[in-house]
Each structure stands twice: as C-alpha cells, then as structure tokens.
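Student: after the sequence you'll find the predicted model.
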Amino acid sequence: MDINTKSETRIVVCGDHMIRIINWDRSEEEMVDVVWEWQIKEAFSQLPAEYEKQLYPLDECKFADNNRNLLITASAGAVLLLEIETRRVLFYASAPLAHSAEIMPDGRIVVALSTHKAGNCIQLFDRTLPEKVLFQDRLYFGHALQYNSENNRLYALGFSKLKSYRMEQWHTDSPVLQLENTWTIPFNAGHDLCLVDNRELLITGREGVAVFDIDKSQFHPFAPLAETGGIKSINYNRENNQLIYTKGEIKWWTHHVYQETPAKKITINDFRIYKVRTQHLITGNQF
C-alpha cells in the first residue's frame, strides 16, 4: 500500500492478482471509489513466459517516480516497474519471495527477499539492466525497505532487526550498500516501516507499532496503535497528517485512516492479501 498526494488523496492497494488505485476522499466503508485497476495478466505479453508463474500473488505496490509509475513486488518471485498511464512494464527482475522494493537515487531498485538460494537478502538492480544483480547483502526474512533522502540512508526491516545502509560507489558500475547499523526492534515479526518525518520511522509488527527515533537510535511505542497487532502495511501522508494502515479483520483486510482519533476505514472485500513475512495466505485475522 502507498499514498500519493495530488488534489485528491489516492492510495494504491494490491492483493492476489490485482492492483487498484483508490480515491480515499470519496471512499467510506464498502463504498470504495476505484479510479484505476490492473491485473497481472496484462503484463504477460511484455515479459518472458516464466513470469506468468512468478507474478502471483502480489505482495506490495508503491507509487514511484513522482506518482507516474508503480513499483510492484510479487511473493512468487518478481519485481516490476509499471507505468500507470500506458500500463507498460518499464523494468522487471526475478526475485524469489520478493516482499518489498524501493527506488534509490539514479533509478536503481533495491528489493528485500525472504527466501533465496543464497540465503535471505536484499538485492540491488539498475532499471536499465533487467535481471542483473549489482549488489547483494544478507537480511534475515527481508520484509520492508524505506529510503530517507535527508540522511541518504536506506533502512531495511527483517524479522527482528532494523538495519541502516549508506551508499558507496553509487555512480559506478559496482555500487555498494554499506551496512552501517543494526538494531533489535522491540517485538518479533516486523512487517512494515515508513517515514513519519525525516527523523522518525514507524515500524509495525505482530504485537503493535513502534516509533524509531533516527537521531537517538531509540524505539518507543506509537501510542495510537501501540497494542494494535496484525497490521500488514502502514504509510503516513505528510500533507494532511493521515496515517493509513492495513489490518486483518474477522473476515476481510481493511484499510484504516488515523488522524487524531480513529476516523474512517474502507474495506476491500474481494482482495486476498498475503503476509509480508511469509508466503502463506492469511484468512481473517490469523498471524
């Protein structure tokens, strides 16, 4: 899930075989205003035949490149960059159990994987070189990635660890993400992370949500959701101070928005959404 901040608030959600862009401002409960929709099969004619199996199920989708494109990961083993207007695939790579991706400076793409023949890891690609891995590093159960442009660091979330990387040799053919720090998060089974501002990260996990103070290297509970378990993804809209997160309910996954108090939620009834941390299908609120 991700947010774009044009005149209307739009979020992108994915699950199973489909991506939808939804106008949040005109959605409430099950009255969902879908403004754009894409299914996996639309990409098949643009990709090698083996990708038909690697694109199901979808796991994460983010707006990219000033909201012109979508960065998509699929648990079965692929990452795509898709142009929204033309529905054209701009980049693809095979990435076993890809759970999250992030676009870095110069258009390079880093992907977090929870299963790989070389072990759990992150991998770095260049969008002009499909399927060529430029760099790889170990990351146990890679779940989520977040680039912070202010301090020029990449943050990577694994099962119980948060790591920070600085970029070295970035403008060469052999770029490196140099591990700088590793912290143990305050709960097991980390799921997702996002920037609240350039000095704080929100981290979700099985037991709740925590704030990581980047300058102080300290964790503390995020009071509104400190004990809210079962959150899959989370994102913060800085323009209107909205916090949107995805949570497993009794029957469906629902997308909630928090401001000062719980204000609103929408339900995407025909989506099956997969865990960030394994390939297994979630039904209801099981974790």
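Tutor: Everything's here; your move. Numbering: from 1, shown residues only.
Student: any low-confidence regions in this protein?
Tutor: Scanning the chain for pLDDT under 70 picks out the ranges 1-8, 114-120, 140-142, 240, 248-264, 268-287.
Student: for it, what spans make up the helices?
Tutor: Taking DSSP state H, the helices of the chain run over residues 51-54.
Student: and it, what are its domains?
Tutor: Recorded structural domains for the chain (assignment: automatic domain parsing) are 2-193, 194-287.
Student: Throw those domains into TSV and include mean neighbour count, thanks.
Tutor: Quick note: C-beta positions are derived from backbone N, CA and C, even for glycine. As requested, the domains of the chain are exported to TSV (neighbours: other Cβ atoms under 10 Å):
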stretch	mean neighbour count
domain 2-193	18
domain 194-287	17
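Student: for Asp173, see how far away the nearest residue to Gly205 once chain neighbours are set aside is.
Tutor: Closest residue to Gly205 apart from its sequence neighbours, by Cβ to Cβ, 6 or more residues apart in numbering: Phe187 at 4.2 Å. Taking Cβ to Cβ, to the nearest Å as the criterion, Phe187 is separated from Asp173 by 40 Å.
Student: ok, now Asp192?
Tutor: 32 Å.
Student: next: Ile231.
Tutor: Between Ile231 and Asp173 the distance is 39 Å, computed by Cβ to Cβ.
Student: surely the residue nearest to Gly205 and Val209 touch.
Tutor: No. In this structure, Phe187 is not within contact of Val209 by Cβ atoms under 8 Å, at 9.4 Å.
Student: my read: Arg87 touches Trp36, true?
Tutor: No. Checked against Cβ under 8 Å, the pair Arg87 and Trp36 is beyond contact range at 9.5 Å.
Student: give the residue farthest from the middle of this protein.
Tutor: Taking Cα atoms, centre = their mean as the measure, the residue most remote from the mean C-alpha position of the chain is Thr172, 26.9 Å away.
Student: check contacts around Ala93.
Tutor: With contact set as Cβ atoms under 8 Å, 6 or more residues apart in numbering, Ala93 has these partners: 78-79, 109, 111, 125, 130-131.
Student: repeat that for 7 Å
Tutor: Under the criterion of Cβ atoms under 7 Å, 6 or more residues apart in numbering, the neighbours of Ala93 are 79, 125, 130-131.
Student: give me the beta-bridge partners of it?
Tutor: Val79 (DSSP bridges).
Student: ok, now the one 10 residues further on?
Tutor: With DSSP bridges as the criterion, Ile103 is bridged to Ile109.
Student: could you number the chain from 644 rather than 1 from now on?
Tutor: That works, and once the first residue is 644, the last one we named lands at Ile746.
Student: pull the contacting residues for it.
Tutor: Under the contact definition (Cβ under 7 Å, 6+ apart), the residues listed for Ile746 are 707-708, 714, 752.
Student: how about those residues in JSON lines, adding distance to Glu671?
Tutor: Listed next are the contacts of Ile746 as JSON lines, based on distance: Cβ to Cβ, whole Å:
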{"residue": "Ala707", "distance to Glu671": "28"}
{"residue": "Asp708", "distance to Glu671": "30"}
{"residue": "Leu714", "distance to Glu671": "28"}
{"residue": "Ile752", "distance to Glu671": "35"}
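Student: quick check: the farthest pair among those residues?
Tutor: Of all pairs drawn from the contacts of Ile746, the one with the largest separation by Cβ to Cβ is Asp708 and Ile752; the distance is 11.1 Å.
Student: figure out how far stretch 804-816 is from the centre of its chain.
Tutor: Its chain's C-alpha centre lies 19 Å from the corresponding centre of stretch 804-816 when counted by Cα atoms, centre = their mean, to the nearest Å.
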